[in-house]
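[1] Return a 3D structure for these sequence lines:
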Amino acid sequence: MKRAMASMAAGLAVAVTAVALAGCGSVSAPGGASTTATTATTPTREPGQAGAEALARHDRLFPQVAAKCAGVAATPPSAPAAAPTGDGGTWADKYAENHAYKQTVRLLADAQCRGEAHAARIADALRPAGTSAAVGEAGLRAALQRLGYPAELVDVHTSAGTPGFDLEIPEAVLCVSGLLTARPDIHPHGMYLDGGCTEPKGGH
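    Numbers count the residues shown, from 1 in each chain. Just a heads-up that it's a prediction; the model follows:
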């Protein structure tokens, strides 16, 4: 009798231990099933914010740009001005609706800084070559490749005889676009909501 009671006590202790171990990191679900509980949370990001690894790779590829923007935090841009009210607001709303396809993701402060540094870097490299059609598409494409921008991420085009480009910098989640007019317009911006760095054709 004593031996049987000892065996039952030992079995009960084993069962309790098994239950305790099974309970670690688990939660009971309806029906007796258990699922593993996780405490890790997915970090949230603002639109246009690059991951740490991608950003580190960018800064290794473009150390001069990284140096100019060291210490700039990934803070959201200031809110846009409110649309006018009344009839003007109605017209503004309609205009915004018709041109929604042209909207881009707003850049955070660090991406804006890096984008402006890229734009200045490109402008400095193109300045000795002249502007407008004197550069040409082939010359513009070659100049951007020499600066370290892969050909597959550059769209070179000509508009009304003026060469221009749209460039994606995926590691920093930003775009740089330029038009080589008499006074070249080279500026950073976020990706279009429809995707990519080239302004989509469409709208109504």
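[2] in this structure, what spans have low per-residue confidence?
    Applying pLDDT under 70 to the chain flags the ranges 1-48, 78-101, 129-134, 202-204.
[3] ok so His157 is a helix residue?
    No - His157 is assigned strand when assessed by DSSP: H, G, I helix; E, B strand; the rest coil, not a helix.
[4] gap between it and Cys197?
    Here His157 is placed at a distance of 12 Å from Cys197 (C-beta to C-beta, to the nearest Å). (Glycine included, C-beta is placed from N, CA and C.)
[5] Looking at the two, which is more packed in?
    Neighbour count, other C-beta atoms under 10 Å: between His157 and Cys197, Cys197 has more, with 22 against 13.
[6] got the contact list for the more buried one?
    Asp155, Asp166, Leu167, Glu168, Cys175, Val176, Ser177, His189, Met191 (C-beta atoms under 8 Å, 6 or more residues apart in numbering).
[7] The chain: helices as residue ranges?
    Under the criterion DSSP state H, the chain contains helices at 2-23, 52-61, 63-68, 86-98, 109-126, 136-146.
[8] Please enumerate the shared neighbours of His157 and Cys197.
    Both His157 and Cys197 are contacted by Asp166, under the criterion C-beta under 8 Å, 6+ apart.
[9] Report the buried members of the contacts of Cys197.
    The neighbour-count test (16 or more other C-beta atoms under 10 Å) applied to the contacts of Cys197 identifies Asp166, Leu167, Glu168, Cys175, Val176, Ser177, His189, Met191 as buried.
[10] Dump the residues you listed into TSV; add distance to Asp110 as well.
    Formatted as TSV, the buried ones among the contacts of Cys197 follow (distance: C-beta to C-beta, whole Å):
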residue	distance to Asp110
Asp166	21
Leu167	18
Glu168	17
Cys175	15
Val176	15
Ser177	19
His189	15
Met191	16
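[11] Could you single out the nearest of those residues to Ala66?
    Of all those, Ala66 sits closest to Val176, with 15.6 Å by C-beta to C-beta.
[12] can you tell me which strand in the protein is longest?
    Ranked by residue count, the top strand of the chain under DSSP state E comes out as strand 162-169.
[13] contacts for it?
    58, 114-115, 118, 122, 132-133, 135-137, 140-141, 144, 149, 153-158, 175-181, 191, 196-199.
[14] OK, contacts around Ala66?
    Going by C-beta under 8 Å, 6+ apart, the list of residues near Ala66 reads His58, Asp59, Arg114.
[15] Paired strands for the longest strand of the chain, with orientation please.
    Strand 162-169 has the following sheet partners, assigned by DSSP bridges: strand 154-159 (antiparallel), strand 174-179 (antiparallel).
[16] what does the last one contact?
    This points to strand 174-179. If you take C-beta under 8 Å, 6+ apart as the criterion, strand 174-179 is touched by 48, 104, 107, 111-112, 114-115, 118-119, 122-123, 159, 162-169, 184-191, 197.
[17] Out of those, which end up buried?
    If we count by 16+ other C-beta under 10 Å, those have these buried: 48, 104, 107, 111-112, 114-115, 118-119, 122, 162-169, 184, 186, 188-191, 197.
[18] can you pull the contacts of Thr104?
    With C-beta under 8 Å, 6+ apart, Thr104 has these contacts: Cys175, His189, Gly190, Met191, Tyr192, Leu193.
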